[in-house]
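Engineer: What follows is a predicted protein model with its sequence.
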Amino acid sequence: MRIWTTVIGQRLDDADDTRSMLLCKHLMERGHSVTMWTSAWDHIRKEWRSEWRATGGEVLHRPDGLDIRFMKGCGYAQNISPRRLIDHWMAAADFTRQARELAARGEGPDVIVASLPDHVTAAAAVAFARETGAVAIIDVRDKWPDILFDLTRASPLKQAAGRIAMLLENRRAKRAMASADCLVAMMDSMLNWGLAKAGRPAGPYDRVFYLTTAQRNFDVSRPELPADHPIRRALAASQGKTVFTFAGTFNRSQHPDLLLDALEMLQKEGRLEGRDAAFIIGGAGLEAELVQRRAEALPDTHFVGWMKPHEMRALLGGSDLGLLLMSASSEAFNNKAFSYLASGLPIINCATGDLHDLIERHEAGINIPGGNPRALADAIVAVLDDPERRARMSANVRRLFNQSFDQQANYDAYADHVIEVARVKQGAAHGEAA
């Protein structure tokens with residue numbers, strides 16, 4: 001079976017644990033021919049991809065058997081901008097042109113799995129599938145284009161202008177999801193949003209497959225870091241203490257300032273005296289130097305800087321709780337939550353939505369409001385004062401991970417589902433033709 005995946009912005013280096021790459025890998029392991037379509041523009045570096053330049057825009061044949069084809073737009077400097085939308089329009093048109101040429105040569109797909117975002121190329125992929133009789137599956141990963149409206153919420157005038165300008169895009173997304181053979185999503189709220197956008201109830205092939213981009217990091221051997229590595233030194237200094245860890249990129253919505261504010265509050269009030277606790281901050285981004293200076297001024301608090309994936313696994317493997325801190329509560333199921341769960345860590349969590357509900361339902365951590373250092377300080381003390389609760393939450397997280405977030409099991413099931421949908425839909429089409 002020939003399967004295409006379309007995804008804008010998929011990184012190609014250090015990408016083995018991304019959702020698209022994992023799905024491609026598991027499909028290829030089942031003997032299928034897989035082509036990934038992605039943008040020629042590097043979403044992270046904001047430059048033309050080196051792989052696209054190296055191939056002259058032609059197909060890239062990877063050693064693992066995955067073929068990469070590129071969709072060319074115009075590039076963009078800002079993630080939220082008219083030019084980004086224009087880039088996606090152009091990339092979608094380029095996809096359609098190339099796809100039709102391949103189909104004319106008998107090289108079209110049997111199945112297309114199109115990620116959303118973005119909605120423009122997802123819509124182009126579904127339209128092409130309808131032209132050629134291929135099965136079309138949309139993988140809902142974010143609420144595009146709705147998220148663009150949310151970002152203008154602070155300004156009613158901008159929001160109204162945005163809704164008018166995006167009316168066509170909203171219709172495009174609705175049409176794509178209504179026309180797809182089924183929807184899959186990485187969380188329940190995303191699937192429900194997609195079905196509402198499609199204007200239909202859930203069908204037998206609409207399914208949730210959690211993101212699960214983090215490998216199991218408990219009851220396994222972990223990377224050994226050099227003796228002078230900052231993470232190894234921080235963990236050694238924290239020996240015998242309950243270790244709370246923040247890991248992630250520092251930005252306006254997610255920042256360790258919330259932790260530092262809470263720790264300064266606890267220190268001033270003397271509430272950490274006699275309690276064996278350590279706090280480690282890993283990451284980089286907005287005001288990182290200030291974060292480092294503030295951390296160094298606090299007892300038992302360590303700043304370890306930017307981390308590669310194996311370094312983060314080492315850090316989380318030596319931690320006891322993960323901190324998912326936000327300046328304001330959000331429904332986003334943050335990627336770092338999967339890293340914490342994969343490491344068996346209960347989470348002190350500011351997110352609402354699916355993650356909040358999971359934590360509440362499974363007693364897998366403590367939910368607090370975003371941007372509230374007092375609530376975070378109280379949660380830290382509550383964890384330190386109740387070791388039985390901490391042990392219970394840790395056991396619950398491991399059980400939850402094994403049930404729902406194991407990477408191998410999740411992508412085995414996802415790949416099997418893609419193949420099953422194709423088998424059933426194509427079988428029905430052949431039966432109707434007969």
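Structural biologist: Right, received. Where do you want to start?

Engineer: who's in contact with residue 219?
Structural biologist: residue 344 (C-beta atoms under 8 Å, 6 or more residues apart in numbering). From N, CA and C alone the C-beta is placed, and that goes for glycine too.

Engineer: The one 4 residues further on now?
Structural biologist: Residues touching residue 223, when contacts are defined by C-beta under 8 Å, 6+ apart, comprise 310-311, 313-314.

Engineer: For the stretch 301-434 of the chain, which segments are assigned as helices?
Structural biologist: Along the stretch 301-434 of the chain, the segments classed as helices by DSSP state H, counting those that start in this stretch run 309-317, 335-342, 353-362, 373-384, 387-400, 407-433.

Engineer: meant to ask about the stretch 51-200 of the chain, not that
Structural biologist: Under DSSP H, counting those that start in this stretch, the stretch 51-200 of the chain gives helices at 82-104, 119-132, 146-150, 156-165, 167-179, 188-198.

Engineer: pLDDT check: weakest of the contacts of residue 223?
Structural biologist: Within these, pLDDT reaches its minimum at residue 310, with 91.

Engineer: Show me the one of the helices of the stretch 301-434 of the chain that comes nearest residue 269.
Structural biologist: Residue 269 sits nearest to helix 373-384 of all these, at 8.2 Å, using C-beta to C-beta.

Engineer: other SSEs contacting that closest one?
Structural biologist: Applying 3 or more C-beta pairs under 8 Å, 6 or more residues apart in numbering; DSSP states H and E, one finds that helix 373-384 makes contact with strand 242-250, helix 257-269, strand 347-349, strand 365-367, helix 387-400.

Engineer: Please enumerate residues in contact with the fourth one?
Structural biologist: Outside strand 365-367, the residues within contact range by C-beta under 8 Å, 6+ apart are 321-322, 346-350, 356, 359-360, 379, 382-383, 393, 397.

Engineer: out of those residues, who's nearest residue 264?
Structural biologist: Closest to residue 264, out of all of these and judged by C-beta to C-beta, is residue 379, at 15.8 Å.

Engineer: what pLDDT does the spatially closest residue to that closest one that is not a sequence neighbour get?
Structural biologist: Distance criterion C-beta to C-beta, 6 or more residues apart in numbering; nearest residue to residue 379, sequence neighbours excluded, is residue 366 at 4.7 Å. Listed pLDDT for residue 366 reads 98.

Engineer: Repeat that for residue 154.
Structural biologist: pLDDT, residue 154: 52.

Engineer: rewinding a little: and the residue nearest to residue 379, what are its bridge partners?
Structural biologist: Assessed by DSSP bridges, residue 366 has beta-bridge partners residue 348.

Engineer: give me the number of residues near it?
Structural biologist: Counted by other C-beta atoms under 10 Å, the residues lying close to residue 366 total 21.

Engineer: repeat for the one 5 residues further on
Structural biologist: Under the neighbour criterion other C-beta under 10 Å, residue 371 is assigned a count of 18.

Engineer: thought it was touching residue 330?
Structural biologist: No: applying C-beta atoms under 8 Å, one finds residue 371 not in contact with residue 330, separated by 10.7 Å.

Engineer: Now do the shared contacts for the two.
Structural biologist: Between them, residue 371 and residue 330 share the contacting residues residue 350, judged by C-beta under 8 Å, 6+ apart.

Engineer: circling back: which among the contacts of residue 223 end up buried?
Structural biologist: 311, 313-314 (16 or more other C-beta atoms under 10 Å).

Engineer: List the contacts of the residue nearest the centre of the chain.
Structural biologist: Nearest to the mean C-alpha position of the chain, by C-alpha atoms, centre = their mean, lies residue 335 at 4.6 Å. Residues near residue 335 by C-beta under 8 Å, 6+ apart: 211, 213.

Engineer: The one 10 residues further on now?
Structural biologist: If a contact means C-beta under 8 Å, 6+ apart, then residue 345 has 245, 316, 319-322, 394, 397 as its contacts.

Engineer: In TSV: those, plus pLDDT and neighbour count.
Structural biologist: Converted to TSV, the contacts of residue 345 look like this (pLDDT from 0 to 100; neighbours: other C-beta atoms under 10 Å):
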residue	pLDDT	neighbour count
245	98	29
316	97	28
319	98	25
320	98	22
321	98	25
322	98	26
394	98	18
397	97	28
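
Engineer: Can you lay out those as a markdown table showing distance to residue 235?
Structural biologist: Below are the contacts of residue 345 laid out as a markdown table (distance: C-beta to C-beta, whole Å):
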| residue | distance to residue 235 |
| --- | --- |
| 245 | 10 |
| 316 | 10 |
| 319 | 8 |
| 320 | 11 |
| 321 | 14 |
| 322 | 15 |
| 394 | 17 |
| 397 | 20 |
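
Engineer: What is the nearest of the residues you listed to residue 83?
Structural biologist: Using C-beta to C-beta, these come closest to residue 83 at residue 322, 36.4 Å.

Engineer: How much space separates residue 417 from residue 96?
Structural biologist: 26 Å (C-beta to C-beta, to the nearest Å).

Engineer: nope, residue 179 is what I meant
Structural biologist: On the measure of C-beta to C-beta, residue 179 and residue 96 end up 15 Å apart.

Engineer: and the nearest residue to residue 134 once chain neighbours are set aside, how many residues sit next to it?
Structural biologist: The shortest distance from residue 134 to any non-neighbouring residue, by C-beta to C-beta, 6+ apart, is to residue 109 (5.0 Å). The local packing of residue 109 (other C-beta under 10 Å) involves 27 other residues.

Engineer: Would you confirm that residue 109 contacts residue 4?
Structural biologist: Yes: with contact defined as C-beta under 8 Å, residue 109 counts as touching residue 4 (4.2 Å).

Engineer: Find residues that contact each of the two.
Structural biologist: Taking C-beta under 8 Å, 6+ apart as the criterion, residue 109 and residue 4 both touch residue 35.

Engineer: for the contacts of residue 345, which one is nearest residue 283?
Structural biologist: For the contacts of residue 345, the residue nearest residue 283 by C-beta to C-beta is residue 245; the value is 10.2 Å.
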